[in-house]
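K.L.:
Could you work out the structure for the sequence below:
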Amino acid sequence: MDQLLQHLVNTLILGGTYALLGIGLTLIFGIMNVVNFTHGALYTMGAYLMYLAVTALGLGFFLALPAAILGGLVLGAAIEFVLLRPLRGSDIDTTMLVMIGAGIVLQSGTLWVFGGVAKSVPTPFPDAPLHLGPVSVSWLRLFVLGAALALIGLTYGLINRTRLGLAMRATFQDHDTAALMGVNVRLIYTATFAIGSSLAAAAGALLGPVYVVFPQMGGLAELKAFAIVILGGLGNITGAAIGGFILALAEELGAGYISSGYRDAMGFLIIIAVLAFRPTGLFARAERIG
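P.N.:
Purely as a prediction, here's the structure:
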């Protein structure tokens, strides 16, 4: 029982960052109908921006996190403006090829600038873990959980409680009708990609200090983000959040009770099962109108 409780606590911490990855990816796909193959590279950039802000700029750990998220926001807006806006109206195959190329360029550029040696992000938290009965958790991981939940809550508030969110939801339903009603659809696309990119950068900035930062760290994270979106249903933000925690639970239980070598495989076995019995995802909703 003690081991199970420990795995459940680890699930909450890992699931929060997975949910950020999934929400960012499904937000971009749901509104823009773009498969973002730069998501893993943006995750990596978030981790490196966190590292630079702490070590090179000396901002301090707690100020470095919003700085990394802001960097991801700006980079995402630049990618949409430079690469995606000229391709608006192109077929999805062309857009996918461009995004795959952009992801490769970002990853190669990260390797060229920072080198292949893994780097660690200094943190202000003590090494001694917090003991809560039979469960122990590091202070850093508690902060990661709290920050991830706060960012998820802010994203939900943005989508459901602001005029920008209303315009984003209108564009999701039917971008032509939204444009006729006065919505600046091009601006909404830029904002959507920027917000989704900032969530990927936030996940990297939160998990980078927990593990280490290296140029290829986004590859597996991107695959997991796609798995989460498949679990939750394409374009479903709530489903992506729940899917992140489901994937984290599968990984933790698989690593704890089967083998740590099967940690990543367990999540993808669930994806195969979901695709076999419910191809639209566990929480799929009706398709958009336009």
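
K.L.:
Surely S136 is in a strand?
P.N.:
Yes - counting by DSSP: H, G, I helix; E, B strand; the rest coil, S136 is found in a strand.

K.L.:
Show me what it bridges to in the sheet.
P.N.:
H131 (DSSP bridges).

K.L.:
Mind listing what's buried along whichever strand or helix holds G153?
P.N.:
Using DSSP states H and E, G153 maps to helix 139-161. Across helix 139-161, burial judged by 16 or more other Cβ atoms under 10 Å covers 140-145, 147-148, 151-152, 155, 159. For every residue, glycine as well, the C-beta is placed using N, CA and C.

K.L.:
now do stretch 276-286
P.N.:
Quick answer for stretch 276-286 (16+ other Cβ under 10 Å): 281-283.

K.L.:
ok, so of the buried residues of helix 139-161, who is nearest G232?
P.N.:
I152 (13.1 Å; Cβ to Cβ).

K.L.:
what pLDDT, on average, does stretch 173-192 get?
P.N.:
The average pLDDT for stretch 173-192 rounds to 90.

K.L.:
That one spans what distance, first to last residue?
P.N.:
14 Å (Cα to Cα, to the nearest Å).

K.L.:
Can you give the contact residues for that stretch?
P.N.:
Applying Cβ atoms under 8 Å, 6 or more residues apart in numbering, the contact partners of stretch 173-192 are 27-28, 31-32, 77, 80-81, 84-85, 88, 164, 167-168, 170-171, 288-290.

K.L.:
ok, now stretch 92-111?
P.N.:
So stretch 92-111 is contacted by 33-42, 44-45, 48, 79, 83-84, 87, 215-216, 218-219, 222 (Cβ under 8 Å, 6+ apart).

K.L.:
hang on, the earlier thing: would you write a PyMOL line that selects the buried entries of the contacts of stretch 173-192?
P.N.:
The buried subset of the contacts of stretch 173-192, as determined by 16+ other Cβ under 10 Å, is captured in PyMOL by this line:
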select buried, resi 27+28+31+32+77+80+84+167+168+170+171
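
K.L.:
Extract the C-alpha trace of stretch 251-259 and format it as CSV.
P.N.:
Extracted in CSV, the C-alpha atoms of stretch 251-259 (Å, rounded to 0.1, in the frame of the first residue of the first chain):
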residue,chain,number,x,y,z
GLU,A,251,4.0,4.9,-16.6
GLU,A,252,4.3,4.9,-12.8
LEU,A,253,2.4,1.7,-12.3
GLY,A,254,4.3,0.0,-15.2
ALA,A,255,7.7,1.1,-13.8
GLY,A,256,6.8,0.2,-10.3
TYR,A,257,5.1,-3.2,-10.7
ILE,A,258,6.5,-4.6,-14.0
SER,A,259,9.9,-3.0,-14.8
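
K.L.:
Pull out the buried positions in it.
P.N.:
Those would be 251-255, for stretch 251-259 by 16+ other Cβ under 10 Å.

K.L.:
from what I can see F114 touches P215, true?
P.N.:
Yes - the pair F114 / P215 is scored as a contact, 6.5 Å apart, by Cβ atoms under 8 Å.

K.L.:
Compare neighbour counts for these two and give me the winner.
P.N.:
Higher neighbour count among F114 and P215: P215, with 23 against 17, using other Cβ atoms under 10 Å.
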